[in-house]
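Colleague: for reference, the sequence and a predicted model appear below.
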Amino acid sequence: MTKVLLDTLIPIFAGLLLGYVAGRRGTMDNRNVRNLIVLVMSFAIPCALFSTIIGSSQADLLRHVPAALMITLVFCVLYLISYIWARRGLSMSLSDASVLALTIGFPNSAAIALPLFKGAYGSESTITAALSIAIGSITISPLTLALLEADKQSGGRDISIAQILRSFPHALLRPVVWAPLLALVGAFFDIHLPTFVEGTLTTLGSAATGSALVLTGLVVSAQSFRFTGGVAITTLLKLVGQPLFALCMMLLFRMDHDDLRNITVISAIPGGFFGLVFGKGFDSTPEIASSGLIGTYLFGWATLALWMLFAARLF
């Protein structure tokens, strides 16, 4: 197990470190990352998600319905808890609270889950990893975009649920949202693409892991870091609270061992960069979210390894 951990975690954190050092040393511009964001969020990750999900059969999808529902529950509950804490406990604005909630609620599955699961648990497990990216992309990600859009249009005043719902169609137009949805529909109806289309998507999607890791490191390198009480809570919620909540819920619903292992490990992955990337477009990058994101990476390499060892021993 130690060799598996080293073989899977070191390349991942090396990619993150490469982006971080490149940003800190000025080798890459860590302030103007729009082109890299477009490459990752509009092309590489949507292609990787689509090609992974469309290759699944209807039977695969139906077999993973309980896992998909559990991932949705885990992501949404942590998002809601974080949002309420940010609004009532930290008195953050609606936009800042939604960015912090997405940073905590949605693990960095896009950069870490696929290579981690393929290396540690085999190709079959990548369906769960891809589902975690798809679920985060079609639930709490568009919700965050809708909240940011609604808050911007209201000029910081209170907003209604109707305003949030009106902002949803705009959020759904993003490739990282509609691509996995389209692939799920295609896989459910067993639609087969021409081989040259599959090859094109696979080629473009192969850039997802490396570019997402470098982008994450680059985004983190541009953020200031102060380890406050709020940052400590953010780090604990992400690295301990989310996997512990996932484990308790799965034991309660008596899910099978593979789901217990996979979803626990997914929940233990450090925070995602989607929140800060989305917030950047709306001038909303709260320090507690950026410092919390850095905190999850400072401690995440150790806690993720511990959760994987725990899952291997228990399941």
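Modeller: Received the coordinates, thanks.
Colleague: shouldn't F106 be in contact with F75?
Modeller: Yes - under the criterion of C-beta atoms under 8 Å, F106 makes contact with F75 at 6.0 Å. Every residue, glycine included, has its C-beta placed from N, CA and C.
Colleague: identify the contacts common to these two.
Modeller: Taking C-beta atoms under 8 Å, 6 or more residues apart in numbering as the contact criterion, the common neighbours of F106 and F75 are G136, I140.
Colleague: any chance you could list what contacts the helix or strand hosting L6?
Modeller: Element membership for L6, per DSSP states H and E: helix 2-25. Contacts made with helix 2-25 from outside it, assessed by C-beta under 8 Å, 6+ apart, are listed as 27-28, 30, 111-112, 115-116, 119-120, 209-210, 213-222, 297, 301, 304-305, 308-309.
Colleague: centre of the chain versus it, how much separation?
Modeller: Its chain's C-alpha centre lies 17 Å from the corresponding centre of helix 2-25 when counted by C-alpha atoms, centre = their mean, to the nearest Å.
Colleague: cool, stretch 193-206 as well?
Modeller: What separates the centre of stretch 193-206 from the centre of its chain is 23 Å, taken as C-alpha atoms, centre = their mean.
Colleague: my guess is P243 contacts T264. True?
Modeller: Yes - the pair P243 / T264 is scored as a contact, 5.2 Å apart, by C-beta under 8 Å.
Colleague: among the contacts of helix 2-25, which ones are buried?
Modeller: The neighbour-count test (16 or more other C-beta atoms under 10 Å) marks 28, 30, 111-112, 115-116, 120, 209-210, 213-222, 297, 304-305, 308 as buried among the contacts of helix 2-25.
Colleague: figure out the length between the terminal residues of stretch 84-101.
Modeller: For stretch 84-101, the first and last residues are 9 Å from each other (C-alpha to C-alpha, to the nearest Å).
Colleague: give the rounded mean pLDDT of that stretch.
Modeller: Predicted confidence along stretch 84-101 averages 94 (mean pLDDT).
Colleague: please identify the buried residues of it?
Modeller: Of the residues in stretch 84-101, W85, A86, R87, M92, L94, S95, D96, A97, S98, V99, L100, A101 count as buried by neighbour count, 16+ other C-beta under 10 Å.
Colleague: centre of the chain to it, how far?
Modeller: Taking C-alpha atoms, centre = their mean, one finds stretch 84-101 lying 19 Å from the centre of the chain it belongs to.
Colleague: now do stretch 192-199
Modeller: If you compare the mean C-alpha spot of stretch 192-199 with that of the full chain, they lie 27 Å apart, counting by C-alpha atoms, centre = their mean.
Colleague: repeat that for stretch 194-208.
Modeller: For stretch 194-208, the distance to the chain centre is 22 Å (C-alpha atoms, centre = their mean).
Colleague: hey, C-alpha coordinates of it in CSV?
Modeller: Output for stretch 194-208, consisting of C-alpha atoms alone and laid out as CSV, is shown next (Å, rounded to 0.1, in the frame of the first residue of the first chain):
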residue,chain,number,x,y,z
PRO,A,194,-17.5,7.4,-34.1
THR,A,195,-14.0,6.3,-33.2
PHE,A,196,-12.5,9.5,-34.6
VAL,A,197,-14.7,11.6,-32.2
GLU,A,198,-13.7,9.4,-29.3
GLY,A,199,-10.0,9.8,-30.3
THR,A,200,-10.4,13.5,-30.5
LEU,A,201,-12.0,13.8,-27.1
THR,A,202,-9.5,11.5,-25.5
THR,A,203,-6.6,13.4,-26.9
LEU,A,204,-8.0,16.8,-25.7
GLY,A,205,-9.0,15.3,-22.4
SER,A,206,-5.5,13.8,-21.8
ALA,A,207,-4.4,17.4,-21.0
ALA,A,208,-6.9,17.7,-18.1
